[in-house]
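> Here is a sequence together with a model predicted from it:
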Amino acid sequence: MKCSGLYDLIIIGGGPGGLTAGIYAMRAALKTVLVEMAAPGGQVNLSDGVENWPGDEHIGGSELSMKMLGHAQSLGLEIRSDEATAVEPGLDYHTVRLAGGGCLQAHAVVLATGGSPRKLEIPGEREFYGKGVSYCAVCDGFFFRSKTVTVIGGGDSAIEESLYLAKLAKQVFIVHRRDQLRAGALLQQRAKAECKIEFRWNSVVTAIRANSNGVWAVDLKNTRTGEPTELATDGVFIFIGFVPNNRLVPAGIKMNADGYVVTDDKCATTLPGIYVIGDLREKYARQIVLSAADGCTAALAAAHYVETRKASLECELPENLRDGWAH
Ligand code: NAP
């Protein structure tokens, strides 16, 4: 099948990493398209507030996304609403297949597909998703006003979302498998000072109980004693980390044991012209500012790669075809 578009760069994923890559690519005069299947912004859209984006002491997640999108579009970045279904590396161009039909080609591809909430895989989780089980407090917290909710996890997401839920709910239980939180110190302090939040330490949820009226309890097991208990609750919010969305990573690209892509300091993968950024990339910490930094790095590296590639391809072309061959 003939592809509909030939670009310098295709960016897959419209979160902070992808949009920042778009901004830098447009400033480097690369012919660029960003493919995003949902609303641009990614996980940041689901956040009530962001307090560690330099220059903004507090900014709504969707507001920050909209500002990044507006910035990229002001530079002329083309956004394509479609799902990328495959990335096929090629000798001349890389091809990106689209669910809506057809394909795009480019010298370079930036994969910025991030991660998805990790699932607990316990009885009731799948069956009652959307009926009392949620992975997003900003999306679903409203349904639990003046009710009791249970949050599972001890990282930044669990604590941040619990603090948000405490503004709406009557009571928030945080169930954590250890007796120490993984979340940052400031978030820990706030959660411990919030009177609506109560911790259930050294505990795991083994099942979610629900009936036609929704969730009514969770089964707990103490990780030290093995003792089972039941905790009455109207909703369950699960924040136990992310799994990288690596479905589009072509064979031949190195990944670590957890499925994160290994890159060099230019965000380049083991396949020339394919870059991986943000939460899909193996790195020390996962933060919005780091995804944005990856986007910058990958776009600058891709610009250099595309320029070199075009120069070498031009040398290989017969003289009468050299002008304006690229687009
Ligand atoms: P995370 O840091 O990986 O924390 C996951 C939490 O879930 C940990 O407390 C872990 O327990 C627990 N957990 C994992 N598997 C479990 C299981 N099967 N059963 C019970 N508990 C389980 O994930 P995250 O909180 O989603 O954060 C992901 C990344 O985004 C992190 O790098 C984080 O710093 C970043 N983030 C930053 C912010 C911010 O800066 N404002 C906000 C959100 C996220 P253990 O502690 O025992 O391992």
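Ah, there it is. These numbers were taken from a predicted model, which means no experiment stands behind them.
> What's the local residue count around the residue of the stretch 1-150 of the chain found nearest the ligand?
At 5.2 Å from the ligand, residue 52 is the closest residue in the stretch 1-150 of the chain, using Cβ to the nearest ligand atom. Bear in mind the C-beta positions are built from the backbone N, C-alpha and C, glycine included. Other residues near residue 52 number 13, with proximity taken as other Cβ atoms under 10 Å.
> give me phi/psi at it?
Residue 52 adopts backbone torsions of phi -130, psi 30, taken as degrees, to the nearest 10.
> contacting residues for it?
By Cβ atoms under 8 Å, 6 or more residues apart in numbering, residue 52 lies in contact with 287, 288, 289.
> Just the ones in helices from the residues you listed, please.
In helices, judged by DSSP state H, the following of the contacts of residue 52 are found: 288, 289.
> that's a strand at residue 86, yeah?
Yes. Counting by DSSP: H, G, I helix; E, B strand; the rest coil, residue 86 falls inside a strand.
> how about the nearest residue to it, chain neighbours excluded?
residue 97 (4.2 Å; Cβ to Cβ, 6 or more residues apart in numbering).
> Would you agree the one you found is in contact with residue 105?
No. Contact criterion Cβ atoms under 8 Å: residue 97 and residue 105 do not qualify, at 10.5 Å.
> now the helices for the stretch 201-327 of the chain?
288-316 (DSSP state H, counting those that start in this stretch).
> Run through the bridge partners of the residue nearest to residue 133 when sequence neighbours are not counted.
Here the nearest residue to residue 133 in space, its sequence neighbours aside, is residue 236; by Cβ to Cβ, 6+ apart that works out to 5.0 Å. Beta-bridge partners of residue 236, counted by DSSP bridges, are residue 133, residue 150.
> Enumerate every residue touching residue 236.
Listed by Cβ under 8 Å, 6+ apart, the contact partners of residue 236 are 125, 128, 132, 133, 134, 149, 150, 152, 205, 208, 215, 218.
> Most neighbours out of those, which is it?
residue 149 (29 neighbours).
> Which residue is the nearest non-sequential neighbour of it?
Nearest non-adjacent residue to residue 149, counting by Cβ to Cβ, 6+ apart: residue 235, 4.3 Å away.
> Double-check the one you found against residue 150; I have them as touching.
Yes. With contact defined as Cβ under 8 Å, residue 235 reaches residue 150; the gap is 7.2 Å.
> rewinding a little: if I look at the residue nearest to residue 133, how far off is the ligand?
12 Å (Cβ to the nearest ligand atom, to the nearest Å).
> Spell out which residues of the chain are next to the ligand.
52, 120, 152-158, 160, 177-178, 182, 204, 239-242, 285-287 (Cβ under 6 Å from any ligand atom).
> Tally up the residues packed near residue 36, please.
Burial of residue 36 is recorded as 24 neighbouring residues (other Cβ under 10 Å).
> Report the contact partners of it.
Residue 36 makes contacts with 12, 13, 14, 18, 79, 80, 81, as judged by Cβ under 8 Å, 6+ apart.
> Select from those residues the one having the most neighbours.
Most surrounded of those: other Cβ under 10 Å gives residue 18, at 33 neighbours.
> For my notes, confirm that one occurs in a strand.
No. Using three-state DSSP, the secondary structure at residue 18 is helix, not a strand.
> Lowest-scoring secondary structure element of this protein by mean pLDDT?
helix 137-140 (a mean of 87; mean pLDDT, DSSP states H and E).
> Any figure for the gap between the closest residue in space to residue 287 that isn't next to it in sequence and residue 185?
Spatially, and ignoring its direct neighbours in sequence, residue 287 is nearest to residue 52 (6.9 Å; Cβ to Cβ, 6+ apart). Separation of residue 52 from residue 185 (Cβ to Cβ, to the nearest Å) stands at 13 Å.
> Grab the nearest non-local neighbour of residue 216.
residue 209 (5.7 Å).
> How about the contacts made by residue 148?
169, 170, 171, 172, 173, 232, 233, 234, 235.
> quick one: which helix or strand includes the fifth one?
If I follow you right, that is residue 173. Using DSSP states H and E, residue 173 sits within strand 171-175.
> Please identify the buried residues of that strand?
Across strand 171-175, burial judged by 16 or more other Cβ atoms under 10 Å covers 171, 172, 173, 174, 175.
> Which secondary structure elements does it sit against?
On a contact count with 3 or more Cβ pairs under 8 Å, 6 or more residues apart in numbering; DSSP states H and E, strand 171-175 meets strand 148-152, helix 156-166, strand 197-200, strand 203-211.
> Direction included, what does that strand pair up with?
With DSSP bridges as the test, strand 171-175 is paired with strand 148-152 (parallel), strand 197-200 (parallel).
> Single out the residue in the stretch 101-250 of the chain that lies closest to the ligand.
When scored by Cβ to the nearest ligand atom, the stretch 101-250 of the chain has residue 155 as its residue closest to the ligand, at 2.4 Å.
> which residues touch that residue?
Applying Cβ under 8 Å, 6+ apart to residue 155 gives the contacts 181, 182, 183, 239, 240, 241.
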